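>>> the following comprises the amino acid sequence and a computationally predicted model.
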Amino acid sequence: MKRAGRIGYRLLSGLSLLLLLATAGIWVRSYWVSDRLDWEGWSRDRTLVHQITVRCSRGGLQFVSSDCESFPLTPGNLPHFERQSEATHCYPTFAASVRMATLGDCRINGAAGFEIARTSNWGLWEDGDPFVRATSVTLPLWFNMIVFGMVPAHFLVRFCRGRLARRLGRGCCAGCGYDLRASPGRCPECGTTLRAD
């Protein structure tokens, strides 16, 4: 069981490291190109068109879920997936995504790049598409990098501590790994002085 746990931990560390590197690449790209992924399909009761949008721009990642009364797509084109890229313009917030003049009751809570917004009133997106209700969550990409970097950082600390413990257990120098059984006290290779315990 311990072996399976170690293998799972290493796989999780590797996956987190890949996600960290991918997020870093997306973060850098987001300052030059704004990427947008859209998925449109029917709502559960099939009376509205449900739209899910993921937007990445200027170091921010926005998830939007909205229901629309009318939509430019014909019913035969649903469900529909679309990807768009354009020159980046601003950080993806709810206020920047809609025409605020058309909104009545809208709750927007945000700080330090985080934002949660919700409206249950009719409004218009910036590109003119109408919506009945919408929910938006924005996260800064630096937060995602911290989350994805926790497991690889923990793995690296455990690896370094384990290597140090193995060296000291074999009577080797903690700095370079030189065998100190013949010369205790000071490492002749790197000059590291051993602590007197």
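Received it, and whenever you're ready, just let me know what you need.
>>> buried residues in stretch 161-171?
residue 167 (16 or more other C-beta atoms under 10 Å). No exception for glycine: its C-beta is placed from N, CA and C like everyone else's.
>>> cool, stretch 88-102 as well?
Result for stretch 88-102 [16+ other C-beta under 10 Å]: buried residues 88, 91-94, 96-98.
>>> excluding chain neighbours, what is closest to the spatially most central residue of the chain?
For the chain, the residue nearest the mean C-alpha position is residue 144 (3.3 Å; C-alpha atoms, centre = their mean). Among residues not flanking residue 144 along the chain, residue 23 sits closest, at 5.0 Å (C-beta to C-beta, 6 or more residues apart in numbering).
>>> give the buried residues for the helix or strand the one you found falls within.
Per DSSP states H and E: residue 23 is located in helix 2-29. By neighbour count on 16+ other C-beta under 10 Å, the buried set for helix 2-29 is 13, 16-17, 19-20, 23-24, 26-27.
>>> check stretch 125-132 too.
125, 131-132.
>>> quick one: low-confidence parts of this protein?
1, 70-78, 100-105, 194-197 (pLDDT under 70).
>>> change it to 50
73, 196-197 (pLDDT under 50).
>>> residue 66 and residue 52, how far apart?
Using C-beta to C-beta, to the nearest Å, we find residue 66 at a distance of 8 Å from residue 52.
>>> swap in residue 128?
From residue 128 to residue 52 the distance is 19 Å (C-beta to C-beta).
>>> how about residue 127?
16 Å.
>>> what segments of this structure are helices?
2-29, 94-97, 141-169 (DSSP state H).
>>> spit out the contact partners of the closest residue to residue 168 other than its chain neighbours.
Spatial nearest neighbour of residue 168, excluding adjacent residues (C-beta to C-beta, 6+ apart): residue 174 at 5.9 Å. Contacts for residue 174 (C-beta atoms under 8 Å, 6 or more residues apart in numbering) come out as 164, 167-168, 192, 194.
>>> report the beta-bridge partner residues of residue 50.
residue 41, residue 67 (DSSP bridges).
>>> ok, now the one 4 residues further on?
Each beta-bridge partner of residue 54 is listed here: residue 37, residue 63, as defined by DSSP bridges.
>>> hang on, isn't it packed against residue 36?
Yes - counting by C-beta atoms under 8 Å, residue 36 is a contact partner of residue 54 at 7.2 Å.
>>> could you measure the closest residue to residue 19 other than its chain neighbours against residue 15, distance?
Of all residues not flanking residue 19 in the chain, residue 148 sits nearest, at 4.4 Å (C-beta to C-beta, 6+ apart). Counting by C-beta to C-beta, the separation of residue 148 from residue 15 is 9 Å.
>>> what does residue 178 give?
36 Å.
>>> returning to what we had before: the helix holding residue 23 to helix 141-169, inter-axis angle?
140 degrees (axes from the mean of the first three to the mean of the last three C-alpha atoms, to 10 degrees).
>>> any figure for the gap between the closest residue to residue 178 other than its chain neighbours and residue 149?
Nearest residue to residue 178 in three dimensions, chain neighbours excluded: residue 189, at 3.9 Å (C-beta to C-beta, 6+ apart). Applying C-beta to C-beta, the value for residue 189 to residue 149 is 34 Å.
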